[in-house]
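**Student:** just the structure for this:
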Amino acid sequence: MTLDCDSIESSIESVVKILGINKELFIEIITHTDFEEMYESDYDIYCKTKESYNKDYIEFGEYIYDYLTQNYSTKVNPIDKICWFHLARTLDANGYNLGIYPLGKILDKLFDDLYSFVEEKISFEEWIKIKHGGVKGSGGWRYLMKTGDNIHHGCFAMLIKEIAFHSSEVGNHDYLNVPEIIEDLDAELRKKYHINLVLQFIAASKPIIVKFVSQPDGKDMLYIDPVLHYIYVKLNNKPLSMRCNTCFDARGRIIPKEDIISIEKMSI
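**Tutor:** Predicted structure coming up:
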């Protein structure tokens, strides 16, 4: 089964197929059962004693999963494909037709593209020094951390597409507004060279969401838990939180173009 959280509707469609539950019954249960009250009342007895993927408690979405599968599910089907949503703001949206590349493989091109924003005040030789670690201040250590270790190279993506539009609400960086690495560079460039890289980059770039597919990398509950949490808060008009999502990390691998489903150019 494919887990596709492109929208609340597709999330529900995916979950009912995976759990083997009638859609109308599922919605009725989610909207008419106070799972928050049940979860809180059971927490001391249940949530702290059940072993759950190397944790000593269970998450809210897993609590809902247990209730549904124990009382209503006919057959739970394994997840074999997951749709993910890579958020970016880019100077070259068409470049994603070739795949999604980790930071380490695009850093040279990124600096070549950015040089036109700084060339009036920074020589190309100095710009290369900056790329190789000549960034100071608060943004400098973040830049060096990201570029110096491929554990931070991604590519990264979100399971729940809607979370992309609620960054402040859930405590995420707003990747559709400006990449973190641009902000890291901006702090030093603004102080030393009086260059506002963030404003220039935003003016010249476009936000996109790249949807791609992968196989699960872990137990299905790692994905079902946040999706059920997301569905519950959406159908009950409650605020989103960081627990309504999980993330993908390619760990320095390229996402091949064959795995890309769509490249959505945003108008925000």
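
**Student:** pLDDT score for Leu114?
**Tutor:** Leu114 is assigned a predicted lDDT (pLDDT) of 95.

**Student:** again with the one 3 residues further on
**Tutor:** The model reports Phe117 with a pLDDT of 95.

**Student:** next, count neighbours for the nearest residue to Leu25 once chain neighbours are set aside.
**Tutor:** Excluding its sequence neighbours, the residue lying closest to Leu25 (Cβ to Cβ, 6 or more residues apart in numbering) is Tyr72, at 6.5 Å. All C-beta atoms are positioned from the backbone trio N, CA, C, and that covers glycine. Using other Cβ atoms under 10 Å, Tyr72 has 14 neighbouring residues.

**Student:** and Asn196, by the same measure?
**Tutor:** Counted with other Cβ under 10 Å, residues neighbouring Asn196 total 13.

**Student:** distance of it relative to Leu185?
**Tutor:** Computed as Cβ to Cβ, to the nearest Å, the Asn196 to Leu185 distance reads 11 Å.

**Student:** what do those two both touch?
**Tutor:** Contact with both Asn196 and Leu185 is made by no residue, according to Cβ atoms under 8 Å, 6 or more residues apart in numbering.

**Student:** how about the strands in the protein?
**Tutor:** For the chain, applying DSSP state E gives strands covering 2-3, 81-90, 99-100, 156-158, 206-214, 247-249, 255-256, 260-265.

**Student:** can you pull out the low-pLDDT segments for this protein?
**Tutor:** Within the chain, the stretches with pLDDT under 70 are 43-57, 134-141, 268.

**Student:** now with 90, please.
**Tutor:** 39-59, 73-75, 93-94, 104, 106, 129-154, 184-193, 217-221, 251-252, 266-268 (pLDDT under 90).

**Student:** run through the helices of it in chain order.
**Tutor:** Taking DSSP state H, the helices of the chain run over residues 8-19, 23-32, 35-42, 60-71, 103-118, 124-131, 137-148, 167-170, 180-193, 197-204, 221-235.

**Student:** chain neighbours aside, what residue packs nearest to the residue positioned nearest the centre of the chain?
**Tutor:** The centroid of the chain falls nearest to Met158 when counting by Cα atoms, centre = their mean (2.4 Å). Nearest residue to Met158 in three dimensions, chain neighbours excluded: Phe85, at 4.9 Å (Cβ to Cβ, 6+ apart).
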